[in-house]
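> coords below, sequence missing:
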């Protein structure tokens, strides 16, 4: 009786567990997850093999079967992937918001009469943040003789949408002795509109997906609560094969619903 | 023939591919305009921008715009795009560029106008999507999550009734 209930609870609340772990996970483990999926494929394969062996071993040790391990095999890669995606997304959002304030400051300093390199030096000092760190590394590389274009190309590979490419064009304009104000105005307005659009889409996605997750989990939570207060009502369900098939079908339906909703709310 | 995903059967996928194409065209014309503003010639700027976009996009839908690898000139490329670009609604932009290029007119303002036009289109589409998506999501929530909720809540009671009778 306890075995099926244990599998049921773990299988049903796997997503909740993943969500909670994401919030409570220590930084070192998040960095490990980021390494495993962001850069080194061999490392990620090793992590997946180890996690598979760990899940199967843990499952066998606790329950003398490998069924529980199958849940772990499904959850661990999803978990690692979502941790990495969250970290990368957070970093991108931080850089984007800092980029806008940087461009406005650069415009202001250029209007005030600062030259481009002077303005960059001025803006790179003070404060912290992902973008400032990138800018400081630029300045450092520039002092060591590396060209701006090469630096921008290297950074571009890690970032998206060619925002850094816009900065490269500002540098080209400066090298040709052209006025920077028209370029800065164009670049600032383009980048700002893109970031605003991304933020609105992200807000829509988070709201709707949050509602969908809550709608998916609430019935199961209520069933668990009902089981806790009136086990005699729920126990016959858990011992019947038909009920397990029905519940699996309902889980599948909810999963389909989540997939369809995700498909509908995506803009690109 | 173009990208296979462009001819997908599902309407939603096709709409998404159209949006991706518009996004890439928008980036293309934005950057092209900036290069022209800085003072580069159209042919050089065209190739530079395409190279840069190809390296940054996962799936480039602008392969039709490449003429560097073929024996084509930029003029021929613009004429070809005016007639045969995969999405007919954007052919007019390439037609405008082709005409101005043939006449030797300045192109920076024209490119900026094209990118503004694409941007307005993008904003309209985005507003439309943001307006419709919550309603569609609510309907899907009702369709996919209400039945499981009702079944899960009433299943124990129905089971009890079934056992009684």
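Received, thanks. The shown structure was predicted, so the numbers you read here are calculated from the model rather than taken from an experiment.
> what's the neighbour count on the residue in chain A positioned nearest to chain B?
At 2.6 Å from chain B, residue A:257 is the closest residue in chain A, using CB to the nearest CB. From N, CA and C alone the C-beta is placed, and that goes for glycine too. The tally of other residues near residue A:257 (other CB atoms under 10 Å in any protein chain shown) stands at 22.
> so for the helix or strand that contains it, mean pLDDT?
Per DSSP states H and E: residue A:257 is located in helix A:241-265. Averaging the model's pLDDT scores along helix A:241-265 yields 85.
> go on, stretch B:133-148?
For stretch B:133-148, mean pLDDT rounds to 91.
> next one: stretch B:32-52
Stretch B:32-52 shows an average pLDDT of 86 in the prediction.
> say whether chain A is contacted by that stretch.
Yes - judged by CB under 8 Å from any CB of the partner chain, stretch B:32-52 and chain A are in contact via B:33, B:34, B:35, B:37, B:38, B:39, B:52.
> buried residues, that stretch. List them.
Buried residues in stretch B:32-52, counted by 16 or more other CB atoms under 10 Å in any protein chain shown: B:32-38, B:40, B:42, B:45-46, B:49-50, B:52.
> try stretch B:134-143
Neighbour-count burial for stretch B:134-143, counted by 16+ other CB under 10 Å, picks out B:137, B:140, B:141.
> among those, name the ones in helices.
If you go by DSSP state H, the buried residues of stretch B:134-143 have B:137, B:140, B:141 in helices.
> and whichever residue of chain B sits closest to chain A, how many neighbours?
With CB to the nearest CB, the shortest gap between chain B and chain A falls at residue B:144, namely 2.6 Å. Neighbour count of residue B:144, defined by other CB under 10 Å: 21.
> where does the stretch 1-150 of chain A dip in pLDDT?
For the stretch 1-150 of chain A, residues meeting the criterion pLDDT under 70 lie at A:1-49, A:51-52, A:63, A:65-85, A:126-130, A:146-150.
> got the residues of it near chain B?
By CB under 8 Å from any CB, no part of the stretch 1-150 of chain A sits against chain B.
> what about the residue nearest to the residue of chain A closest to chain B when sequence neighbours are not counted, which helix or strand?
In space, residue A:257 comes closest to residue B:144 once its chain neighbours are excluded; the distance is 2.6 Å by CB to CB, 6 or more residues apart in numbering or on different chains. Secondary structure from DSSP H and E places residue B:144 in helix B:108-164.
> for residue B:77, same thing?
Using DSSP H and E, residue B:77 sits in helix B:74-84.
> what sits up against that helix?
B:42-43, B:46, B:64-65, B:67, B:72, B:91, B:94-95, B:97-98, B:101-102 (CB atoms under 8 Å, 6 or more residues apart in numbering or on different chains).
> and which of the residues you listed is nearest residue A:98?
residue B:46 (31.4 Å; CB to CB).
> any idea how far residue A:121 lies from residue A:96?
23 Å (CB to CB, to the nearest Å).
> pick out whichever of those two has more residues nearby.
residue A:96 (21 against 16).
> how about the more buried one, nearest residue that isn't a chain neighbour?
That would be residue A:195: by CB to CB, 6+ apart, it lies 4.9 Å from residue A:96.
> show me the shaky parts of chain B.
In the predicted model of chain B, residues B:1-12, B:56-58 satisfy pLDDT under 70.
> which of the residues of stretch B:32-52 next to chain A sit farthest apart?
Distance extremes for those: the farthest pair is B:39 and B:52 at 17.4 Å, using CB to CB.
> same for the longest helix along chain A, what does it pack against?
Across chain A, the helix with the greatest residue count (assigned by DSSP H) is helix A:181-229. When contacts are defined as 3 or more CB pairs under 8 Å, 6 or more residues apart in numbering or on different chains; DSSP states H and E, helix A:181-229 packs onto helix A:2-12, helix A:14-24, helix A:67-112, helix A:163-175, helix A:231-239, helix A:241-265, helix B:11-38, helix B:108-164.
> give the contact list for residue A:268.
Going by CB under 8 Å, 6+ apart, residue A:268 touches B:16, B:19, B:20, B:23.
> ok, 6 Å please
Neighbouring residues of residue A:268 by CB atoms under 6 Å, 6 or more residues apart in numbering or on different chains: B:16, B:19, B:20.
> of those, which ones also sit close to chain A?
Contacts with chain A are made by B:16, B:19, B:20 out of the contacts of residue A:268, judged by CB under 6 Å from any CB of the partner chain.
> chain neighbours aside, what residue packs nearest to the second one?
The shortest distance from residue B:19 to any residue other than its chain neighbours is 5.6 Å, reached at residue A:268 (CB to CB, 6+ apart).
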